[in-house]
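Chemist: Please work out how this folds:
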Amino acid sequence: MSQRPADGPGSQILLPFAEREWITLERTCLILGTTPKTVYQIEDTCDESGSPLIRVLSFGVAKRKRVLYKSVVEFCDYLAKKHSIPVQRPPLSNSLFRHRDEDLLPFPLSDTMSIVDANRYLGYESRGPVVNFIEEGRFYAYRLLDRGACQWRISRKSFAAWFSACTRSHANLPKRSSTHE
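Modeler: Coordinates of the predicted model:
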């Protein structure tokens, strides 16, 4: 039996980082439901300890960017904690596995509605009342960044539960009678 040469076509190229620890910028954008510009703004934002919220590795302007997967998971946990949203991510059966991409955010993008949708549902024209409801913690919502054009993302499920509870509590109130009988 012949042995494969160390520098032959079957040899492994050692990289300065483990490939499984890093994901592409494109995948990061899909996980967070945002654009590369916002990911870079998140990278420029630091937590309380002064560390960037997301770590991006750049190989130069024309090269593909990589993002530390663990920093994406920690950023999503940071969002949940900051906005008092319980983490509903299922536990991993093995620490070598990764969570599904759609399980990383505080709630799935498919369960997300905007302030415009909430306003339309509640009959408001300005965003102020809905933002007040969010700040009061009446339903789950978060923003990727607290500055710029980052919009609130509202959990459709928690909004529906809150709205249902409101309508149930008002169902037993007496109806306003008309003074023009």
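
Chemist: going forward, measure contacts and count neighbours with C-alpha atoms only.
Modeler: Will do.

Chemist: quick one: the residue most central in space within the chain from Y69, how far?
Modeler: Geometric centre of the chain, nearest residue: L105, 3.7 Å, by Cα atoms, centre = their mean. Going from L105 to Y69 by Cα to Cα, to the nearest Å gives 13 Å.

Chemist: what does L104 give?
Modeler: 11 Å.

Chemist: ok, the two, which is more surrounded?
Modeler: Comparing L104 with Y69 by other Cα atoms under 10 Å, the one with more neighbours is L104, at 24 against 20.

Chemist: before we move on, the earlier item: tell me who's in contact with the closest residue to the residue nearest to the centre of the chain other than its chain neighbours.
Modeler: In space, and not counting its chain neighbours, L105 is closest to C76: 5.2 Å by Cα to Cα, 6 or more residues apart in numbering. Neighbouring residues of C76 by Cα atoms under 8 Å, 6 or more residues apart in numbering: L104, L105, P106.

Chemist: returning to what we had before: verify the stated contact: the residue nearest to the centre of the chain with L32.
Modeler: Yes: if you go by Cα atoms under 8 Å, L105 and L32 touch, sitting 7.0 Å apart.

Chemist: now stretch 133-149: mean pLDDT?
Modeler: Per-region confidence: stretch 133-149 scores 89 on mean pLDDT.

Chemist: Go through that stretch and flag the buried ones.
Modeler: In terms of neighbour count (16 or more other Cα atoms under 10 Å), stretch 133-149 has its buried residues at I134, F139, Y140, A141, Y142, L144, L145.

Chemist: any idea how far F75 lies from E43?
Modeler: 10 Å.

Chemist: Please read the previous query as pertaining to F133.
Modeler: Distance from F133 to E43, by Cα to Cα: 29 Å.

Chemist: ok, of the buried residues of stretch 133-149, which one's closest to P90?
Modeler: Distances from P90 to these, taken as Cα to Cα, are shortest for Y140 (18.5 Å).

Chemist: tell me the contacts of that closest one?
Modeler: Per Cα under 8 Å, 6+ apart, neighbours of Y140: H83, S84, I85, I134, I154, S155, S158, F159.

Chemist: what sits against the third one?
Modeler: What it means is I85. Neighbours of I85 in contact, by Cα under 8 Å, 6+ apart: P106, Y140, A141.

Chemist: quick one on the thing from earlier: next, show the common contact partners of F75 and E43.
Modeler: L53, I54.

Chemist: did I read that right, I154 in a strand?
Modeler: Yes: under DSSP: H, G, I helix; E, B strand; the rest coil, I154 sits within a strand.

Chemist: how many other residues sit next to it?
Modeler: 24.

Chemist: More neighbours: which of F75 and E43?
Modeler: F75 (22 against 17).

Chemist: close enough to count as contact, the more buried one and S51?
Modeler: No: with contacts counted by Cα under 8 Å, F75 stays clear of S51, the gap being 11.2 Å.
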